[in-house]
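In: build me a model:
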Amino acid sequence: MRRLTPIWTGLAAVAAAVVTLGFAATGASASASAGGDQAPPVPYRVFAPYFETYDLSAGSLAAQSQESGAKFLSLAFLETPTAGSCVADWNGDTSQPIGYASFGSDIAAIQARGGNVIPSFGGYTADTTGTELADSCTSVPAIAAVYESLITTYHISRIDLDVEGNSVTNTAGINRRNEAIALTEAWAARHHLLIQFSYTLPTIPTGLPAAELAVLQNAVADGARISTVNLLTFDYYIGTVQDMLADTEAAAAGLFSQLQTLYPDATARELWHMIGVTEMPGIDDFGPDETFTTADAPALLQWAEQQGIGTLSFWALQRDNGGCPGTKGAGTCSGVAQPQWYFSHVFEPFTR
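Out: Numbering: from 1, shown residues only. So this is what the prediction gives:
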């Protein structure tokens, strides 16, 4: 269900943002297998690339995590099988419901090695077909129950919400989603469980557009505590050659200013830590004019560490190889010449 078309189009651009707002807990991650105790919080700084759960052609979730060295993975995507449903399945496939039989053993293996996963709801396909959970389901308690089932089934400590396409302007769905987040957070507190919620939102190089910012404004109004805002800093579709590293830094700076207004009592350090960025290594869907290069990767890592952001990610783990030089937006390779797992190996030291 990877995005094959722009997330947001306007006169300027399309870009994506995986967003996490709030104050992340510190501490290294320990193991917790499915069926056992809850895993510890996501590390204070975490590298968590996306994994396309619908494409296992290169190996299982656990195997690719081990081979790449990426101990924390964002799992794309959970969605309802049909619009109007209140049941979420992996990729909307009813044969892959939330349960130990669906990725449970892989998640347990990752947790046993000191990592964990971040399940993600939505994505462009779900967000344009009415199958994103909060767009589909009109019951806030039922949405919250699905979030809670993820926590108790897989023993995860962060849930990601990828809100793009039509979901960005579905005000009823936005409000239901944020109310369900607040409900889940209250449930977790009563049960002494740790949970964070992140948002994935489209961005432009200057920060969040008005509609995307409104998603976060509604979260504040609903009392939903968002721990990270991850900007998907690719697929701008501006039509000119982009400096993807400079665009990332500018988009993050713009988001920082927006967060200052949303969270006036937070310190600068706390606000920067709320920010995450998600790249698309190599040539993105727009084409060669939007290429995140192998030289950009170590420079981004240095900036991320110095700036103090909380999350570093990319789309997606299956692309982290040089198998298709010159190809744009491929699902299984980056389109640039690179060693296997180059971007994973550069970014993995960010986790601590």
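In: where does the stretch 251-352 of the chain dip in pLDDT?
Out: Along the stretch 251-352 of the chain, no part satisfies pLDDT under 70.
In: all helices of the stretch 101-250 of the chain, in order?
Out: Per DSSP state H, counting those that start in this stretch, the stretch 101-250 of the chain carries helices over the ranges 104-112, 124-127, 133-136, 140-154, 171-190, 210-222, 244-262.
In: how many other residues sit next to Asn218?
Out: Neighbour count for Asn218, taken as other C-beta atoms under 10 Å: 16. The C-beta positions use only the backbone N, C-alpha and C, and glycine is treated the same way.
In: what helix or strand is Phe77 on?
Out: strand 72-79 (DSSP states H and E).
In: if we can go back for a sec, could you dump the helices of the stretch 101-250 of the chain to JSON lines with distance to Gly92?
Out: Converted to JSON lines, the helices of the stretch 101-250 of the chain look like this (distance: least, C-beta to C-beta, whole Å):
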{"stretch": "helix 104-112", "distance to Gly92": "19"}
{"stretch": "helix 124-127", "distance to Gly92": "7"}
{"stretch": "helix 133-136", "distance to Gly92": "10"}
{"stretch": "helix 140-154", "distance to Gly92": "13"}
{"stretch": "helix 171-190", "distance to Gly92": "16"}
{"stretch": "helix 210-222", "distance to Gly92": "22"}
{"stretch": "helix 244-262", "distance to Gly92": "30"}
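In: mean confidence for stretch 47-55?
Out: Mean pLDDT, stretch 47-55: 98.
In: can you dump the C-alpha atoms of that stretch in CSV for me?
Out: Extracted in CSV, the C-alpha atoms of stretch 47-55 (Å, rounded to 0.1, in the frame of the first residue of the first chain):
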residue,chain,number,x,y,z
PHE,A,47,15.7,5.2,14.1
ALA,A,48,12.6,3.4,12.9
PRO,A,49,12.4,2.9,9.2
TYR,A,50,9.1,1.7,7.6
PHE,A,51,8.7,-1.9,6.7
GLU,A,52,6.2,-2.8,4.0
THR,A,53,4.3,-5.6,5.7
TYR,A,54,2.7,-6.5,2.3
ASP,A,55,6.0,-7.3,0.7
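In: okay, now the unreliable bits of the stretch 1-150 of the chain?
Out: Ranges of the stretch 1-150 of the chain meeting pLDDT under 70: 1-39.
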